[in-house]
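this is a predicted model, with the sequence first.
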Amino acid sequence: MQKRIILLFGGKSPEHEISIVSARNIYNAIDKSKFDVDLVGISKNGTWYLEKPEEHQNSAFVIGEKGKKIALIPGESKNKLLLLDEGVFLSDFDAVFPITHGPNGEDGTLQGLLCQLDLPFVGPGVLGSSMAMDKDICKRIVQSAGIKTAPWVVVYKHEKEKINYKEITNKLGSILFIKPANMGSSIGVSKSTDEISFNKAIEQAFIFDTKILIEKGINGREIECAVLGNELAEASCVGEVVMNQGIYDFESKYKSADAAQLFIPAQNLSEDEVQRIRNTCLAVYKALGLEGMSRVDVFLTSEGEVYLNEPNTLPGFTSISMYPKLWGESGIKYADLIEKLINLAIDRHNRDNKIKRDRI
Ligand SMILES: Nc1ncnc2c1ncn2[C@@H]1O[C@H](COP(=O)(O)OP(=O)(O)O)[C@@H](O)[C@H]1O
Ligand SMILES: [Mg+2]
């Protein structure tokens, strides 16, 4: 039977534009003989709009310019999304596919809103999303499950004056990565090698969060693995990001074709290394209570040790994105992957709705 889904994208996040591109790819790839899709964009100020596919395909598309404003109505069994100016409800639908990256989209806040609306949605739930988003909390949880991560210290904006470069380098060494606790796409992330670049990096990271991490630089290969599933999650083959120079920053992720090369699958890894990486990624997924999907990024050191860099709970779905490509290489086509993700969302919603919410 034909299912109706809402593809939700945009949002109040520096990754707003990436999300529009991810949504365009999903829209174009989804099997239209199985799914009807409504496009709902969240503008940069957080307002929801129903958008037309032909507008969304346009590279100059801006959410809210031509769309119809939407009001949300929790507590109803149907009719949860209302076209405000027309007083008409959106047709009933089976699931929401949020492909919103970064703060306000991937950090549990949107997931909480979708729970309040009692809607099945793709990707991890509230707790998993928020723990995976905060790089400090994430590290603490995975460490308690025996998974290695780069040593780090946390600094809050109100404690900025107390930062002591010497003390930090004594503890973590002189190659440091400074990053906002909650962000993505390398926004606000810098490498520092001396006190001047360190101070600049701190300023940069505090633009995007009031909590930042200072991390020891790990000398290792950057390997990524796609995980899919609820209780019985599976790991894809592993891929590698190889930088020609510098760090894997925003530019090399989306803008410059030759700054970074993706190898899918990663080359020159032993079977044992691949298995250990996949097992670590599954262990990260489990420790953080992730469901639906996540791309898990690790470092593999020359000593063969696997360190978690970070999980991404709503990873990029652009045409060059690793998550769908890893599954493609592992035998799941783009359209089938989308279908699986939607079915996982519906399964979880049905499972959780069996939990008793009253005492009788
Ligand atoms: N501790 C580290 N050691 C070495 N490289 C790092 C470290 N932390 C980050 N990087 C580099 O910076 C990039 C972006 O950092 P990351 O923590 O993944 O931020 P984001 O969540 O924005 O993607 C990584 O892909 C990697 O190239
Ligand atoms: Mg990253």
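Cool, the structure landed. Ligands and ions are numbered 1, 2, ... in the order given.

close to ligand 1: what parts of the stretch 201-350 of the chain are there?
215, 217-218, 222, 247-248, 297, 309-310 (CB under 6 Å from any ligand atom). In short, each C-beta sits where N, CA and C put it, glycine included.

distance to L82, neighbour count and secondary structure for the residues you listed - can I get that in CSV?
Shown next, in CSV, are those (distance: CB to CB, whole Å; neighbours: other CB atoms under 10 Å; DSSP: H, G, I helix; E, B strand; the rest coil):
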residue, distance to L82, neighbour count, secondary structure
E215, 45, 22, strand
G217, 50, 17, coil
I218, 49, 20, coil
E222, 45, 19, strand
I247, 45, 16, coil
Y248, 42, 18, coil
D297, 39, 22, strand
N309, 42, 20, strand
E310, 37, 19, strand
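
low-confidence ranges in the protein?
Applying pLDDT under 70 to the chain picks out residues 255-257.

domains of it?
Here the domain assignment for the chain is 3-121, 131-147+219-351, 151-216, based on automatic domain parsing.

out of these, nearest to R357?
The closest of the domains of the chain to R357 is domain 3-121. By CB to CB, the value is 11.0 Å.

is the closest one positioned near ligand 1?
No: Domain 3-121 does not reach ligand 1 (CB under 6 Å from any ligand atom); its nearest approach is 8.5 Å.

going forward, the N-terminal residue is numbered 58.
Noted, 58 is the first residue going forward, which turns the last one into domain 60-178.

any idea how far apart the tips of that domain sit?
14 Å (CA to CA, to the nearest Å).

could you do stretch 200-220 as well?
Across stretch 200-220, first to last residue, CA to CA, it's 25 Å.

quick one: buried residues of it?
204-207, 209-212 (16 or more other CB atoms under 10 Å).

narrow these to those in strands?
Counting by DSSP state E, the part of those found in strands is 205-206, 209-212.

would you list the residues you listed in a markdown table and tack on distance to ligand 1?
Converted to a markdown table, these look like this (distance: CB to the nearest ligand atom, whole Å):
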| residue | distance to ligand 1 |
| --- | --- |
| K205 | 11 |
| T206 | 8 |
| W209 | 8 |
| V210 | 12 |
| V211 | 14 |
| V212 | 16 |
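
dump those residues to JSON lines, plus distance to K192.
What follows is those, written out as JSON lines (distance: CB to CB, whole Å):
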{"residue": "K205", "distance to K192": "15"}
{"residue": "T206", "distance to K192": "9"}
{"residue": "W209", "distance to K192": "8"}
{"residue": "V210", "distance to K192": "12"}
{"residue": "V211", "distance to K192": "9"}
{"residue": "V212", "distance to K192": "13"}
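
now do stretch 253-267: distance to the chain's middle.
Here stretch 253-267 shows a centroid-to-chain-centroid distance of 22 Å under the convention CA atoms, centre = their mean, to the nearest Å.

got a list of contacts for that stretch?
Applying CB atoms under 8 Å, 6 or more residues apart in numbering, the contact partners of stretch 253-267 are 71, 212-215, 217, 220, 222, 225, 233, 235-240, 244-249, 269, 271.

please apply the same query to stretch 393-405.
By CB under 8 Å, 6+ apart, stretch 393-405 touches 60, 62, 83, 86-88, 91-92, 151-154, 177-180, 182, 285-287, 348-350, 381, 384-385, 389.

all strands for the stretch 308-417 of the chain, in order.
317-320, 349-358, 363-369 (DSSP state E, counting those that start in this stretch).

which of those sits most buried?
Highest mean neighbour count of the strands of the stretch 308-417 of the chain: strand 349-358, a mean of 24 (counted as mean count of other CB atoms under 10 Å).

OK, contacts around the nearest residue to K236 once chain neighbours are set aside?
The shortest distance from K236 to any non-neighbouring residue, by CB to CB, 6 or more residues apart in numbering, is to V246 (4.3 Å). Contacts for V246 (CB under 8 Å, 6+ apart) come out as 234-237, 240, 262, 304, 306.

on that earlier part again, reformat the strands of the stretch 308-417 of the chain as CSV; add distance to E297.
Below are the strands of the stretch 308-417 of the chain laid out as CSV (distance: least, CB to CB, whole Å):
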stretch, distance to E297
strand 317-320, 4
strand 349-358, 9
strand 363-369, 13
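
out of the ones you listed, the one nearest L138 is which?
Using CB to CB, the nearest of those to L138 is strand 349-358, at 21.2 Å.

that closest one pairs with which strands?
strand 277-286 (antiparallel), strand 363-369 (antiparallel) (DSSP bridges).

hmm, back to that, just the ones of the contacts of stretch 253-267 in helices?
In helices, judged by DSSP state H, the following of those are found: 222, 225.

and for I377, the neighbour number?
For I377, the neighbour count with other CB atoms under 10 Å is 14.

try V153
23.

just the element for it, please.
strand 152-155 (DSSP states H and E).

which secondary structure elements does that strand contact?
For strand 152-155, the packing partners by 3 or more CB pairs under 8 Å, 6 or more residues apart in numbering; DSSP states H and E come out as strand 60-67, helix 166-173, helix 391-409.

helices or strands up against the next helix or strand after the first one?
The reference is to strand 60-67. Using DSSP H and E, the helix or strand that follows strand 60-67 in sequence is helix 73-86. Judged by 3+ CB pairs under 8 Å, 6+ apart, the packing partners of helix 73-86 are strand 60-67, strand 92-99, helix 110-113, helix 391-409.
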